[in-house]
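A.B. asks: would you be able to build a 3D model of this:
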Amino acid sequence: MSAAKAARAGLRVALLRGVNVGGSKRVPMAELRDLAEALGWQSVRTYIQSGNVVFAAKGSHAALEGALEAAIEERFGFAVPVIVRPAAWWLHEAAGSPFADAESARANLLHLGAAKGEPASGAVKLLAPYCTRGERVVIRGDAIWIDYRSGVAGSKLLPAVVDRAVGSVVTMRNWKSVGAIAELLRSGSD
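C.D. replies: As a prediction, this is how the structure comes out:
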């Protein structure tokens, strides 16, 4: 399915931050799908356990984020930030990162970030001092790209550092996940 067709179908991606990591904030994907469907979302599919939902729904991104955040907190008893992006945005970013060399050489270390709010204009400059292990950072529109060339473990570009520099909550997905979610979008609804 093309980006235009996905947009006409109302397809979107919801990204949950920090679920199912180290046994905390456990959100089973089957229950997440049930929650999304209870909100009236259609064609709901999930990808792996890190909280990636492809769905079709009407409404603003902020309203959809808020609805899923409230449903998760009610069902599971803890808060989880949710960030929604349209299919066209996701497919555009999945078409190629600013770090083409990393896409095949280290797909698990190349990350796409989505922020709740518009990234601060000086975010890249604020992150530069934390790039002590060869990390590269580019903000393209509202997409935050980080190439953790020497690995995520040991990097000083921690989630809290990225959040502060960007000015809002950010959730990241590696290049492999970016491609897999794009394939879910391209395959359209069931």
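
A.B. asks: what is the least confident helix or strand in this structure?
C.D. replies: helix 3-8 (a mean of 61; mean pLDDT, DSSP states H and E).

A.B. asks: residues in contact with V19?
C.D. replies: For V19, the contact set (C-beta atoms under 8 Å, 6 or more residues apart in numbering) comprises K25, R26, V27, Q49, S50, G51, V80. (Each C-beta comes from the backbone N, C-alpha and C, glycine too.)

A.B. asks: try 10 Å this time
C.D. replies: If you count contacts by C-beta atoms under 10 Å, 6 or more residues apart in numbering, V19 has them with 25-29, 32, 49-51, 72, 76, 78, 80-82, 171.

A.B. asks: and what of G151?
C.D. replies: Residues near G151 by C-beta under 10 Å, 6+ apart: R106, N108, L109, R133, G134, E135.

A.B. asks: closest to K125 among those residues?
C.D. replies: K125 lies nearest to E135 out of the contacts of G151, by C-beta to C-beta, at 14.0 Å.

A.B. asks: per-residue pLDDT, that closest one?
C.D. replies: At E135, the model reports a pLDDT of 98.

A.B. asks: just checking, it touches L109?
C.D. replies: Yes - between E135 and L109 there is a contact under C-beta atoms under 10 Å: 9.3 Å.

A.B. asks: what do the two both touch?
C.D. replies: By C-beta under 10 Å, 6+ apart, E135 and L109 have these common neighbours: I146, D147, Y148, R149, S150, G151, V152, S155.

A.B. asks: report how many residues lie close to the last one.
C.D. replies: With neighbours defined by other C-beta atoms under 10 Å, the count for S155 comes to 19.

A.B. asks: picking that back up, weed out the non-buried ones from the contacts of G151.
C.D. replies: R106, L109, E135 (16 or more other C-beta atoms under 10 Å).

A.B. asks: which stretches of this protein form helices?
C.D. replies: For the chain, applying DSSP state H gives helices covering 3-8, 29-38, 61-76, 87-94, 100-105, 123-127, 159-166, 175-186.
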